[in-house]
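>>> Based on what follows, work out the 3D shape:
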Amino acid sequence: MDGAGSGGERGRRGRRAAAPRGRGAGRGAARSSSRAHGPGCAATPRAPQRDGSTARRGRPARRSSAVRSLPAGPAAGGGKEGPPAARSRAPAARAPAARRRAAVPDGALSAPASARSSSVAAGALRLREVLSQLTLDRQDVSEASRLVNQVISHLIQAIRSREGSFSSLERLGAGSYYEHVKISEPNEFDIMLVMPVARLQLEECDDTGAYYFLTFKRNPKEKHLLKFLDEDGKLSAFKMLQALREIIKREVKTITNVEVTVKRKKAGSPAITLLIKNPPAEISVDIILTLEVQQSWPPSTQDGLKIEQWLGRKVRGEFRNKSLYLVAKQNKREKVLRGNTWRLSFSHIEKAMMNNHGSSKTCCEADGPKCCRKGCLKLLKYLLEKLKMKHTKELDKICSYHVKTAFFHSCVLWPNDTDWCLGDLDHCFQKYLGYFLDCLENSHLPHFFIPQYNLLSSEDKVSSNFLSRQIKHQLNNRFPIFQELL
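Predicted coordinates for the structure are as follows:
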């Protein structure tokens, strides 16, 4: 979901490693750029610019308004790639030697070109082996989705039949499972229960541009929702969520063929979490109450979603014409937590971008060229998940949505499908990781849709610095966490 993650995704070590896909280490002649390119991805020379960046296939280097800076994204052979840093107008200075070494596997800087080429190919093969271990088992997916669909369908039918405040709810799958980036096990699902509302008055409640107070305009159509207004006439997220929770708690008791329980409420969470028994484990399902409002997106989103060079200007316009979604999320910045704030949600747009992620419309289709975008995202999700398991307290402020947001920014910084060739997995993962590290070190990661909203505020600086150190340790030691999986 587009907020705090719903929990860690657990890796599975016991499955037999599948044969790695893609090119082998010795296939084809070594490229002059020391990178193995995937099918349909020709090695294109890049002309150096005065500011130290490289021009992308004849296009002028662009500055990104979505992020403050981009570190030199090193290829495994020691090269640099990416647009100039957006933080300064001055020409980008060459990265310190220590920084360059931190982003390159040990020995890669001093090794001869032929050795570097072999090392890069071997590294890509190892990453593909890791990805093969993160792939969901089809039988597990089938069983888990069957149970989830059975429970959710029962609940929605029961809720609608009450002819009450929630009779118009519609289901929308969201999150990593429905975006096809779920890793290890199909044990977590996000289900949005979407309630259409004709029109609401939005009032910003802080400077993030993400949280709002909601009020009805005169003579609203939704008379049944007036009972959820607080003493100030604001629509209470707490009251609505509490009412829906009580209905769901009663209805799960009527489900006899599956063991379902409602997890204890977590303060500030927009989700009602169900636990479905699926021996020997259980499945966690987050149900998120969502308002769908047929009106324009608020001004705070105007400079977000900068996907023109990636997915196209037309697609951006289509996305911005979609309904506005708001979830019942408490704003923790409020001095008095009254539960009457709502947060903008873009889960429906994120799902669309993730499932149609190519700059060409055939990217990753059955007969189209394959890219490694989702592979890179899965690898970083797994890395964060394992680090959070080892350092739960220190990384409490960091969640998978930070990784996902950095991924979308990386897709904008490197917008072409040829920037994410399947055979370039090792190189692409390192440049994506380099961008994420830069965000952590600067405690600055703008929300992809609301640029003024920094997801890594100064309050999270300790966690950001700790994660940065842990990732560098993994990088400099050739990812021992990945080796544990092989």
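>>> Which secondary structure element is home to the closest residue to Ala406 other than its chain neighbours?
Closest residue to Ala406 apart from its sequence neighbours, by CB to CB, 6 or more residues apart in numbering: Phe436 at 4.4 Å. All C-beta atoms are positioned from the backbone trio N, CA, C, and that covers glycine. Take DSSP states H and E as the rule and Phe436 turns out to sit in helix 425-442.
>>> Next one: Lys322 relative to Cys421, how far apart?
Computed as CB to CB, to the nearest Å, the Lys322 to Cys421 distance reads 31 Å.
>>> Could you check which of those two has the larger neighbour count?
Cys421 (25 against 14; other CB atoms under 10 Å).
>>> close enough to count as contact, the more buried one and Arg373?
No. Under the criterion of CB atoms under 8 Å, Cys421 is not in contact with Arg373, lying 10.4 Å apart.
>>> Point out where this protein drops to low pLDDT.
1-124, 163, 334-337 (pLDDT under 70).
>>> can you give me the strands for it?
Ranges of strands within the chain are 170-174, 188-197, 200-204, 211-216, 260-262, 271-278, 281-293, 324-327, 342-345, based on DSSP state E.
>>> Throw those into TSV and include distance to Val181 and mean neighbour count, thanks.
As requested, the strands of the chain are exported to TSV (distance: least, CB to CB, whole Å; neighbours: other CB atoms under 10 Å):
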stretch	distance to Val181	mean neighbour count
strand 170-174	12	17
strand 188-197	12	22
strand 200-204	31	16
strand 211-216	27	20
strand 260-262	26	18
strand 271-278	19	20
strand 281-293	16	21
strand 324-327	20	23
strand 342-345	18	25
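>>> Same list (the ones you listed) but as CSV, adding distance to Arg316.
Below are the strands of the chain laid out as CSV (distance: least, CB to CB, whole Å):
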stretch, distance to Arg316
strand 170-174, 20
strand 188-197, 22
strand 200-204, 21
strand 211-216, 23
strand 260-262, 39
strand 271-278, 29
strand 281-293, 20
strand 324-327, 16
strand 342-345, 17
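>>> Ok, which of those comes nearest Thr301?
Using CB to CB as the measure, strand 342-345 is the one of the strands of the chain that comes nearest Thr301, at 7.4 Å.
>>> what lines up beside the closest one in the sheet?
strand 211-216 (antiparallel), strand 324-327 (antiparallel) (DSSP bridges).
>>> Ok, which of the ones you listed comes nearest Leu445?
strand 211-216 (17.6 Å).
>>> now the angle from that closest one to strand 188-197?
In terms of direction (axes from the mean of the first three to the mean of the last three CA atoms, to 10 degrees), strand 211-216 departs from strand 188-197 by 40 degrees.
>>> Identify the contacts common to Cys421 and Arg373.
Residues touching both Cys421 and Arg373 (CB atoms under 8 Å, 6 or more residues apart in numbering): Cys428.
>>> Could you report the neighbour count for Leu229?
16.
>>> Excluding chain neighbours, what is closest to it?
For Leu229, the closest residue by CB to CB, 6+ apart turns out to be Leu235, at 6.1 Å.
>>> ok, now how distant is the one you found from Glu203?
11 Å.
>>> Overlap of the contact sets of the two?
Shared contacts of Leu235 and Glu203 (CB under 8 Å, 6+ apart): 214-215.
>>> thought His402 was touching Asn454?
No. Contact criterion CB under 8 Å: His402 and Asn454 do not qualify, at 11.1 Å.
>>> The two: which has the busier surroundings?
His402 (24 against 18).
>>> Can you show me the helices along the stretch 51-200 of the chain?
97-102, 113-134, 138-161 (DSSP state H, counting those that start in this stretch).
>>> and this protein, what are its domains?
140-350, 359-485 (automatic domain parsing).
>>> what does stretch 217-233 rub up against?
Contacts of stretch 217-233 (CB under 8 Å, 6+ apart): 164-165, 197-201, 215-216, 235-236, 239-240, 243, 338, 340.
>>> Would you mark the buried spots in that stretch?
Neighbour counts over stretch 217-233 (16 or more other CB atoms under 10 Å) mark 222, 225, 228-229 as buried.
>>> Reformat the residues you listed as a markdown table; add distance to Val293.
Output for the buried residues of stretch 217-233, formatted as a markdown table (distance: CB to CB, whole Å):
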| residue | distance to Val293 |
| --- | --- |
| Glu222 | 11 |
| Leu225 | 12 |
| Phe228 | 15 |
| Leu229 | 16 |
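>>> from the chain's centre, how far out does stretch 406-424 sit?
Remark: stretch 406-424 is offset 14 Å from the chain centroid, using CA atoms, centre = their mean, to the nearest Å.
>>> start at 31 instead
Fine by me, first position is 31 from now on; the one you just mentioned is stretch 436-454.
>>> Could you tell me the end-to-end distance of that stretch?
19 Å (CA to CA, to the nearest Å).
>>> so what's the closest residue to Val290 other than its chain neighbours up against?
Nearest residue to Val290, sequence neighbours excluded (CB to CB, 6+ apart): Val282, at 4.6 Å. Residues near Val282 by CB under 8 Å, 6+ apart: 181, 185, 290-292, 304.
>>> Determine which two of the residues you listed are furthest apart.
So, these by CB to CB: farthest apart are Leu185 and Thr291, at 13.2 Å.
>>> Verify the stated contact: Ile213 with Lys408.
Yes. If you go by CB under 8 Å, Ile213 and Lys408 touch, sitting 5.2 Å apart.
>>> Quick check: neighbours shared by those two?
In contact with both Ile213 and Lys408: Leu164, using CB under 8 Å, 6+ apart.
>>> need the helices for the stretch 281-430 of the chain, in chain order.
Counting by DSSP H, counting those that start in this stretch, the helices of the stretch 281-430 of the chain are 343-350, 377-385, 403-420, 430-443.
>>> Thank you, goodbye.
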